[in-house]
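Chemist: Next one to model:
(2 chains)
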Amino acid sequence: MENPSDAVVTSAVVEAPVVLEEALPARIIDIAKFEGKRVQLKGWLYNIRSSGKILFLQVRDGSGIIQAVMVKKEVGADLFNLAKGLGQEASVIITGVVRADERSSIGFEMSVDGLELVCNSVDYPISPKEHGTDFLLDHRHLWLRSKRQHAILRIRAEIIRACRNYFDEHGFLLIDSPILTPAACEGTTTLFGTDYFDQKAYLSQSGQLYAEASAMAFGKVYCFGPTFRAEKSRTRRHLMEFWMIEPEMAYIDLDDNMAVQEDFVETVVQTVLKNRMDDLKTLERDTTFLEKVKKPFYRVHYDEAVERIRKKGFEFPWGEDFGADVEAALTEDFDKPFFVHRFPAKVKAFYMKRDPERPELALCSDLLAPEGYGEIIGGSQREDSYDELIGRIREHGLPEEAFSWYLDLRKYGSVPHGGFGLGLERTVAWICGLHHIRETSPFPRLLNRMNP
RNA sequence: UGCGCUGUAGCUCAACGGUAGAGCAACCGGCUGUUAACCGGUAGGUUAUAGGUUCGAAUCCUAUCAGCGCAGCCA
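Modeler: Here you go, the predicted structure:
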């Protein structure tokens, strides 16, 4: 700047007609609308590749990933070197012009003309190469930033939305059940205990009993919330904490109950296929089985299921509940979800109504997903007779006092009723085609794992 | 809780009784169309922990700890 002639040249550049137009705030998901426009993206650096005088920045903003191309001679050495030194997951605000490009997987790229470093990221633990699940679960808070997890969690959100919409649009009222409860709902599984001032309390394992009370008040209701099981199960189908949607309906029988379930499940699956095909592709999900999820679903009586199992070579005594191997073998027979109904009452919960034609059977059903996924719904018609129900409670050795309010429902205008519970995470695993349930939850609670 | 499997560099793995190695990540350098980029170089280790067998142990044995898989339970 000592030389006055330099100043003249500098000001000439500033006032030249190459002044950039204002950058429009944009998100990658609707980048197509901005073709030819200069935009501003706020995001994180997903990956970076360098070719000497040209940089390829993979930038994600939570809605998608775009390749932003930076050329050294266009942006100058300072900015170029700054960008070159960025770490994976550095937060950046970039500006540039959007243009169509056939080489891009999303059809568009961006030519960068500006980059602001918000915060650098040094030694990011999750590299683009493969990692073990244990390591990834330790870094779940960062793992959430990767493509595959985005696809799964978007599908999860879509499934939740579809579930809520279905019941909201079919005359059900949302009535949430309490999470802190005084006693076991079903009396079988182990519960997480906690302290309720000077009283013992438990985390809810099901909202069903409360849903029944609500159904007697509003006719058709559903609850949707977390449930907790303290079972020490370590399998690919179990979580300690999971979400369950539990509709309950007054004046229905077992057949009505199954009809609602198949209509509901068909709607949820078809909605995901319609709205989240990109994410299913990211997961490389073969959707042929999902396309077939249309009613009616098959209805297999327990007696028939036992016959099918025996034909497959299992020595299966009538009266038992199905183990995992038997259940998986049974799903081989069907190309879409199917019901197994009327299980022997002695292997089922105390509140289920008996089949009047065969009192050794319960009016219940499980809905099993194909492709080996197995049970996603358990449902039943509930016992509506006071005398029958109190007999069951005594047979099971349950504390009568704790169930007095539940018995009241059979005292004051009892009606035939029923409902079911759909396990959200199992449904997500099935629709996404996942091997293990743990990726279906943003922060899964597993045996021996509560962090992060 | 039972049975089985596994703990080696930040990560994914190799070395299977004889000097602990590779790819990726990190760092330095090269490259104007890369897309799990590539090429060259540097650094990185009390082989989960504690005992034992052996001239010699990552490797064989025992215990402990941690993780994974399957089962039971269920959604």
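Chemist: now chain A, which segments are flagged as low pLDDT?
Modeler: Along chain A, segments meeting pLDDT under 70 span A:1-19, A:184-189.
Chemist: How about the residues of the stretch 251-400 of chain A by RNA strand B?
Modeler: Taking CB under 7 Å from any atom of the strand as the contact definition, the stretch 251-400 of chain A meets RNA strand B at A:321, A:323, A:324, A:325, A:327, A:328, A:347, A:374, A:375, A:376, A:377, A:378. In short, each C-beta sits where N, CA and C put it, glycine included.
Chemist: Let me have those in CSV, extended by secondary structure and neighbour count.
Modeler: Formatted as CSV, the entries for those read as follows, by DSSP: H, G, I helix; E, B strand; the rest coil; neighbours: other CB atoms under 10 Å:
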residue, secondary structure, neighbour count
A:321, coil, 13
A:323, coil, 11
A:324, helix, 12
A:325, helix, 10
A:327, helix, 19
A:328, helix, 15
A:347, helix, 13
A:374, strand, 19
A:375, strand, 17
A:376, strand, 24
A:377, strand, 25
A:378, strand, 20
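Chemist: To what extent is residue A:398 buried, counted in neighbours?
Modeler: Using other CB atoms under 10 Å, residue A:398 has 16 other residues around it.
Chemist: so which helix or strand takes in the residue of the stretch 151-300 of chain A at minimum distance from RNA strand B?
Modeler: Checking the stretch 151-300 of chain A residue by residue against RNA strand B with CB to the nearest atom of the strand singles out residue A:233 as nearest, at 3.0 Å. Here residue A:233 is covered by no helix or strand, with elements defined by DSSP states H and E.
Chemist: In space, what's closest to it - neighbours in sequence excluded?
Modeler: Closest residue to residue A:233 in three dimensions, ignoring its sequence neighbours and counting by CB to CB, 6 or more residues apart in numbering: residue A:447, at 6.9 Å.
Chemist: Identify the residues contacting the one you found.
Modeler: Residue A:447 makes contact with A:232, A:233, A:234, A:240 under the criterion CB atoms under 8 Å, 6 or more residues apart in numbering.
Chemist: Out of those residues, flag the one nearest to residue A:214.
Modeler: When the contacts of residue A:447 are ranked by distance to residue A:214 (CB to CB), residue A:240 comes first, at 26.2 Å.
Chemist: For the stretch 1-150 of chain A, what lies in contact range of RNA strand B?
Modeler: Residues of the stretch 1-150 of chain A that fall close to RNA strand B, judged by CB under 7 Å from any atom of the strand: A:47, A:49-54, A:56, A:67, A:69, A:71-73, A:85, A:87-88, A:101, A:103-105, A:109, A:122-125, A:127-135, A:137.
Chemist: Mark which of those are buried, thanks.
Modeler: Buried positions within those, assessed by neighbour count (16 or more other CB atoms under 10 Å), are A:67, A:69, A:72, A:88, A:109, A:131, A:137.
Chemist: Which secondary structure elements does the helix or strand hosting the first one sit against?
Modeler: Residue A:67 belongs to strand A:65-71 when elements are defined using DSSP H and E. Judged by 3 or more CB pairs under 8 Å, 6 or more residues apart in numbering; DSSP states H and E, strand A:65-71 is in contact with strand A:38-50, strand A:54-60, helix A:77-84, strand A:108-119.
Chemist: Starting from it, tell me the next helix or strand along the chain.
Modeler: Tracing the chain past strand A:65-71, the next element assigned as helix or strand by DSSP H and E is helix A:72-75.
Chemist: how far is that next one from where the chain is centred?
Modeler: 44 Å (CA atoms, centre = their mean, to the nearest Å).
Chemist: Tell me which other helices or strands it touches.
Modeler: Packed against helix A:72-75 by the contact rule (3+ CB pairs under 8 Å, 6+ apart) you find strand A:108-119.
Chemist: The residue nearest the centre of chain A: helix or strand, and which one exactly?
Modeler: Ranked by distance to the mean C-alpha position of chain A (CA atoms, centre = their mean), the top residue is residue A:156 at 3.0 Å. In this structure, residue A:156 is located in helix A:147-169 according to DSSP H and E.
Chemist: before we move on, what about residue A:216?
Modeler: Secondary-structure element containing residue A:216, defined by DSSP H and E: helix A:208-218.
Chemist: Next one: that helix, is it in contact with RNA strand B?
Modeler: No - counting by CB under 7 Å from any atom of the strand, RNA strand B has no neighbours in helix A:208-218; the shortest distance is 8.2 Å.
Chemist: Off-centre distance for that helix?
Modeler: The chain centroid and the centroid of helix A:208-218 are separated by 25 Å under CA atoms, centre = their mean.
Chemist: would you put the C-alpha positions of it in CSV?
Modeler: Output for helix A:208-218, consisting of C-alpha atoms alone and laid out as CSV, is shown next (Å, rounded to 0.1, in the frame of the first residue of the first chain):
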residue,chain,number,x,y,z
GLN,A,208,-53.0,-50.9,29.2
LEU,A,209,-54.9,-50.9,32.4
TYR,A,210,-55.1,-47.2,32.4
ALA,A,211,-56.1,-47.3,28.7
GLU,A,212,-59.0,-49.6,29.7
ALA,A,213,-60.2,-47.1,32.2
SER,A,214,-60.0,-44.3,29.6
ALA,A,215,-61.8,-46.4,27.0
MET,A,216,-64.7,-46.7,29.4
ALA,A,217,-64.7,-42.9,29.6
PHE,A,218,-64.1,-42.1,25.9
